[in-house]
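Asks: Dropping the sequence and predicted coords here.
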Amino acid sequence: MTIKVVVAGDTPQYTQAWRDRFARAYEGAEFTVWADGQPPIDADYAIVWRPQGALFRQERHLKAAFNLGAGVDSLLSLPDLPSDLPIVRLEDAGMALQMADYVLHGIIHASRGFGDYAAFQQAGRWSPMPAMRHRDWPVGIMGLGAIGSQVARAVANAGYPVAGWSRSARQLQGIQSFSGASQLDAFLQRSRVLVNLLPLTPDTENILDRQTLQKLKRGGYLINVARGAHVVDEDLLALIDSGHLQGALLDVFRTEPLPADHPYWTHPRVRITPHIAAITLDEEAVQQSNKKIQLLERGDTITGLVARGAGY
C-alpha cells in the first residue's frame, strides 16, 4: 500500500518546494501538491503551513495533519478543521538554536548598551559607559516548551539570572520556575528582560499589555519572538516613551508584513526583524515528519501532538 500525503502551503511556490523535499526523502509515500478545487486523492496525511480550510473539506480521510512550524494558532483557527483530526507540530527541528542566538543577541544588545553606542557613532561621540553586571539584568522567559527550555538554558549559560514562567509547573536545573496566574506577578517583578515564547491562545492573546509590562523592573526590555497578538502595541510604545521600558526587539506582529505606517518602523528604541528569529530548517523538518508518519503507520505513539484544549 502506498501512503498518500497531500502538501498544502500558503503559496504555490512554497507548496511545490516542500512537496519535492518530502518526495526525495520518502520513497514509500506519494506526495501530491494540493490545490483548491482539485478532486480528492483520499490522502492519508496532510503536511501544511497556513493552508486553506477547503483542504479539510476535500480530504476527509486524513489520519493526521503535520504543521511545518511550532505554532499552530492559524491552523486551529480554521472552521473546517475536523475536531477529531490529530495535529502534529514540529518539535524544534533546528529552530531552538536559532531562537537562542536571536534572544541572546537581543539581551546582550540591551544589557551592554549597544543601541546607545550606535547612536554615539552616528554623533561622532566617544563615550565609554560603565561596565555591565549580569546580575543586574535578570531575564524572564515566558513559555518553557521544547524551544523555550533550550533558550532558557542558553541564557543561563551566558551568565544571566534566568526564570521561566509557564502554564503548568516546569523544573529546569539552574532556572527559577514560576507557573500559573498566581505566580505571574512575582515572575514579572523579578525580571528586567522579558522574552515571550508563549503559544498564542485565547488565554495569552494581549497578555503583554500595560498592566503586565509595567510590572517589569524599571529600564526593562521586551523581546517578542512568539506572536504579534500577544502584545498590545499602544501599551508597549507608551511604556517605552515614559521611560519605564528601555526598548524592545520584535520579530512578530499582528499584521505581517508590518504596515508601512506603523510607528515601530521609526521608533528609536524599537528594533524589528521580519519573523526570522527561527526559520524552519527543511532537512530537519522533513526527517522529523517522515519518521512520525512511519511510526503512525506502524501503530506506534508519537510526540508533538497538539492538545486542542490547550491550543498547543
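Replies: Noted; the coordinates are in hand. Residues are numbered from 1 along each chain as shown.

Asks: any idea what sits nearest Ala158, other than its immediate chain neighbours?
Replies: Counting by CB to CB, 6 or more residues apart in numbering, Ala158 lies nearest to Leu104, which is 6.0 Å off, once chain neighbours are set aside. Bear in mind the C-beta positions are built from the backbone N, C-alpha and C, glycine included.

Asks: just to confirm, which helix or strand has the one you found in it?
Replies: Using DSSP states H and E, Leu104 falls within helix 95-111.

Asks: name the helices or strands packed onto that helix?
Replies: In terms of contact count using 3 or more CB pairs under 8 Å, 6 or more residues apart in numbering; DSSP states H and E, helix 95-111 is assigned the packing partners helix 146-157, strand 193-196, strand 220-224, strand 245-250.

Asks: Ramachandran angles for Ile141?
Replies: Dihedral angles of Ile141 (phi, psi; degrees, to the nearest 10) stand at phi -110, psi 120.

Asks: about what we covered before: list the residues that contact the residue nearest to Ala158.
Replies: By CB atoms under 8 Å, 6 or more residues apart in numbering, the contact set of Leu104 is 154-155, 158.

Asks: Show the buried residues in those.
Replies: 154-155 (16 or more other CB atoms under 10 Å).

Asks: ok, of the contacts of Leu104, which one's closest to Gly299?
Replies: Of all the contacts of Leu104, the one with the least separation from Gly299 (CB to CB) is Ala154, at 36.9 Å.

Asks: Skipping its backbone neighbours, what lies nearest that closest one in space?
Replies: Closest residue to Ala154 apart from its sequence neighbours, by CB to CB, 6+ apart: Ala100 at 3.8 Å.

Asks: The one you found - how many residues pack around it?
Replies: The local packing count at Ala100 equals 21, with neighbours defined by other CB atoms under 10 Å.

Asks: what does the one 3 residues further on give?
Replies: Other residues near Val103 come to 27 when the count uses other CB under 10 Å.

Asks: residue contacts, it?
Replies: Val103 makes contact with 151, 154-155, 195, 223, 225, 277 under the criterion CB under 8 Å, 6+ apart.

Asks: do the same with Gln38
Replies: Contacts of Gln38 were listed using CB under 8 Å, 6+ apart, and they are Gln58.

Asks: tell me the pLDDT at it?
Replies: According to the prediction, Gln38 has pLDDT 92.

Asks: For Val6, name its beta-bridge partners.
Replies: Thr32, Ala46 (DSSP bridges).

Asks: What is the neighbour count of it?
Replies: For Val6, the number of neighbouring residues by other CB under 10 Å comes to 28.

Asks: can I see the domain layout of the chain?
Replies: Domain assignment for the chain, taken from automatic domain parsing, gives 3-93+280-297, 95-272.

Asks: wait, which of those is closest to Arg308?
Replies: With CB to CB as the criterion, Arg308 lies closest to domain 3-93+280-297 of the domains of the chain, at 7.1 Å.

Asks: how about Leu295, secondary structure?
Replies: Reducing the assignment to helix, strand or coil with DSSP: H, G, I helix; E, B strand; the rest coil, the entry for Leu295 is helix.

Asks: Am I right that it is in contact with Leu305?
Replies: No: distance between Leu295 and Leu305: 11.6 Å, which falls outside the contact criterion (CB atoms under 8 Å).

Asks: Not including adjacent chain positions, what is the nearest residue to the residue nearest the centre of the chain?
Replies: Relative to the mean C-alpha position of the chain, the nearest C-alpha, by CA atoms, centre = their mean, is the one of Ala226, at 3.7 Å. Leaving out its chain neighbours, the residue that sits closest to Ala226 by CB to CB, 6+ apart is Asn196, at 4.7 Å.

Asks: The one you found: how many residues sit nearby?
Replies: Asn196 is flanked by 23 other residues according to other CB under 10 Å.

Asks: who does it bridge with?
Replies: Met142, Asn224.

Asks: who's in contact with it?
Replies: Applying CB under 8 Å, 6+ apart, one finds that Asn196 lies in contact with 142-143, 208, 222-226, 230-231.

Asks: between the residues you listed, which is nearest His244?
Replies: The shortest gap between His244 and any of the contacts of Asn196 belongs to Leu222, at 11.1 Å (CB to CB).

Asks: for stretch 60-76, how far is the first residue from the last?
Replies: Distances were taken as CA to CA, to the nearest Å; on that basis the terminal residues of stretch 60-76 are 17 Å apart.

Asks: can you give me the strands for the stretch 151-300 of the chain?
Replies: With strands called from DSSP state E, counting those that start in this stretch, the stretch 151-300 of the chain shows them at 162-166, 176-179, 193-196, 220-224, 245-250, 270-272.

Asks: quick one: Ala29 from Thr2, how far?
Replies: From Ala29 across to Thr2, the span is 7 Å (CB to CB, to the nearest Å).

Asks: do the same with Trp165
Replies: Applying CB to CB, one obtains 46 Å for the distance of Trp165 from Thr2.
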